[in-house]
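In: Sequence and predicted structure are below.
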Amino acid sequence: MIPKNRFRIPLSLAPFFNHSRLKLFFGAGNKELYGDKNEHYETSQRDNPPLFLLNYLTLSSGSDDHHGGYFGSFPKFLYYQTNLQVVDISNVKMKGGVGFPWWLVSNNTNLKSLNLQNCSLSGSIQLPIHHQDHRQKGLEFLDISDNEVYGSIPPHICAFLPNITYLYLSNNQLSGKIPKQLSNCSLLMWLDARNNTLSGEIPRRIWNMPRIGVVDLSSNSFSGTLPPDFISPYMQGVYLSRNKLGGSLSGGSDNHHGISVLDLGHNRFTGTFPTWIVEMPRLTHLLLNDNELQGEILPPLCLGQLKLIDDSHNQFFGRLSSALTSNNVRCNTSKKDEVYFIDDLEFTTKSNRIIYKGEPLILMSGLDFSNNHFFGEIPPQIGHLDTIKVLNLSYNMLTGPIPPTFSGLISIETLDISHNNLSGVILTQLTALNYLSSFSVAYNNLSGKCPKRVGQFGTFDEDSYRGNPHLMNCTLLQSTPKPYVTQTPTDDEYGGYIDIESFYTSSGVSFVLVLLTITSVLYINPYWRQVWFYYVRVTTTTCYYFVVDHLPVSTRYKVWEPHV
């Protein structure tokens, strides 16, 4: 085992060919993987085969920064391996791209896990012609995400991999429809095919798979509607954002007690708010943003249960206090298990759509009801969410004062309640929010004085308060500081002051230098001296007659007479 070092590991493993007892080779995290660009398998070249038969092999570079090892094709020694159980060659780029190594799966009947993420795989997914004769019953984990695989998903992939449990196909160029036969993978628990160009309707039988737990088909071109029972009993996460799905979300079933994440944002769903959503006791992340949903949100959502709510950019209306609650029996008894399997989610923070994943997403907490038609006062119980990081209620019709409980948002980083009809004063207690980095109360009817420029409020410019004509002491706030550039001071910066002594000194020196230069040129060059005096004489004569011709006649001929 030589993981996480700077060793230059030959991908051929040729130095180890004579180690017949070698069963495990763990070289993950070594960024200096290398290999011969011409290294590939040829049927006529079988000299010096390795004596070892590996069970476990990982040559992952341990990095997805596209700087892993480079080589021509799969290492030749892999063609001699028949006892592999786990293979991880992720983040090892291959020049020119290679096709999927189905021979590696067929040759190793005990193979359980194959990770080829980010390996520059290309071409289509081609199964063996006689897949029934080459069924791979052991493979449970297959990851070919972040490659350049194109074409459609083979209809008989489940016949070839009947026991597949985790199937990762994301970030490729797959197209076409999802085959209905994919539902024959009866043990499939995780299906990830996001960020492809898949289209058509999602087969209904996909939702009825007996063990399916996570389905991520986001960022594709799926259309059609969802069946009322699209959430199966074991479902924990559904990710369908950025598609062309439509229709109503009404209906639902009683089989959604385990789901924690529901992301249906950026689609074309219509109708009213799906009431069955509030009956999910373990739901922690709900995203319905950028659809065409309307009406009131009833029954109310549990503030104490949900960590992330994004219902922005819809046509919801009603009192916000009726849409949110934290005081009923259902909220107090709901389970709040941590979600560690969670996939990527997109959420607006600091006016930017940011994709959160991994631990940052687990720690993320936010509430976004912006761009709707909510009215009435802001519910004071929102201020009791001491772990929330993002609160966006902008572009609604909210009225009343800013709740005093907002001073309890001790973890808040983004607070946007702009473009409403709020009145009253801005709480001075908000200046104690130490993590606040984005703040806006613009375009309301607030009055009084703007908060002092202390703490985080020292970083907010007048744009945060714009559109409140009755606010005072806001115009003195400086705009967002620009990058400092060293410039020569101008006269305006010195109030127009000029050093008179320096001015006369420099002028006198310049005059003397010019005079000496002209005199020297005339003295040295006779031709220029003659031309100079000629033009002086012409100029003098012209000026004399100009003056004489323009003087009054009485003045020109007046004779001087002495006074007596």
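Out: The structure has been received and is ready for your questions.
In: Could you use CA atoms for every contact and neighbour count after this?
Out: OK.
In: need the contact list for residue 206.
Out: Contacts here follow CA atoms under 8 Å, 6 or more residues apart in numbering; on that basis residue 206 touches 180, 182-183.
In: Go again with 6 Å.
Out: Residue 206 is in contact with residue 183, counting by CA atoms under 6 Å, 6 or more residues apart in numbering.
In: Assumed it was part of a helix.
Out: Yes. With DSSP: H, G, I helix; E, B strand; the rest coil as the criterion, residue 206 is part of a helix.
In: Tell me the spacing between it and residue 259.
Out: Note on residue 206: its distance to residue 259, by CA to CA, to the nearest Å, is 16 Å.
In: What of residue 324?
Out: Counting by CA to CA - residue 324 and residue 259 are separated by 20 Å.
In: ok, those two, which is more surrounded?
Out: Comparing residue 324 with residue 259 by other CA atoms under 10 Å, the one with more neighbours is residue 259, at 23 against 19.
In: residue contacts, the more buried one?
Out: By CA under 6 Å, 6+ apart, the residues touching residue 259 are 235-237, 283.
In: Excluding residues flanking it in the chain, which one is nearest it?
Out: Nearest residue to residue 259 in three dimensions, chain neighbours excluded: residue 236, at 3.8 Å (CA to CA, 6 or more residues apart in numbering).
In: give me the number of residues near residue 301?
Out: For residue 301, the neighbour count with other CA under 10 Å is 20.
In: List the residues that contact it.
Out: residue 324.
In: now it: how far from residue 386?
Out: In terms of CA to CA, residue 301 sits 17 Å off from residue 386.
In: Let me know how buried residue 16 is, in neighbour terms.
Out: Burial of residue 16 is recorded as 13 neighbouring residues (other CA under 10 Å).
In: And the one 3 residues further on, by the same measure?
Out: Applying other CA under 10 Å, we find 12 other residues in the vicinity of residue 19.
In: just residue 378 next, same as before
Out: By other CA under 10 Å, the residues close to residue 378 number 21.
In: Look at it and report its pLDDT.
Out: For residue 378, the pLDDT comes out at 96.
In: Roughly how far does it sit from residue 227?
Out: Taking CA to CA, one finds residue 378 at 35 Å from residue 227.
In: What of residue 79?
Out: Distance, residue 79 to residue 227, using CA to CA: 46 Å.
In: Residue 158 now?
Out: Separation of residue 158 from residue 227 (CA to CA): 23 Å.
In: ok, which stretches of the stretch 401-550 of the chain are strands?
Out: 414-416, 421-424, 438-440, 445-449, 470-472 (DSSP state E, counting those that start in this stretch).
In: I'd say residue 407 and residue 432 touch.
Out: No. Residue 407 is beyond contact range of residue 432, at 7.5 Å (criterion: CA atoms under 6 Å).
In: Now for residue 151: which residues touch it?
Out: Going by CA under 6 Å, 6+ apart, residue 151 touches 124, 174-175.
In: How about the backbone phi and psi for it?
Out: Dihedral angles of residue 151 (phi, psi; degrees, to the nearest 10) stand at phi 90, psi -170.
In: What residues of stretch 288-308 count as buried?
Out: Neighbour counts over stretch 288-308 (16 or more other CA atoms under 10 Å) mark 288-294, 296-308 as buried.
In: Show me these that map onto helices.
Out: Assignment to helices by DSSP state H places none of the buried residues of stretch 288-308 there.
In: Isn't residue 377 up against residue 400?
Out: Yes. Here residue 377 reaches residue 400: they are 5.2 Å apart, a contact under CA under 6 Å.
In: Would you mind measuring from the nearest residue to residue 412 once chain neighbours are set aside to residue 418?
Out: Nearest in space to residue 412, with sequence neighbours left out and distances taken as CA to CA, 6+ apart, is residue 389 at 4.1 Å. Using CA to CA, residue 389 is found at 17 Å from residue 418.
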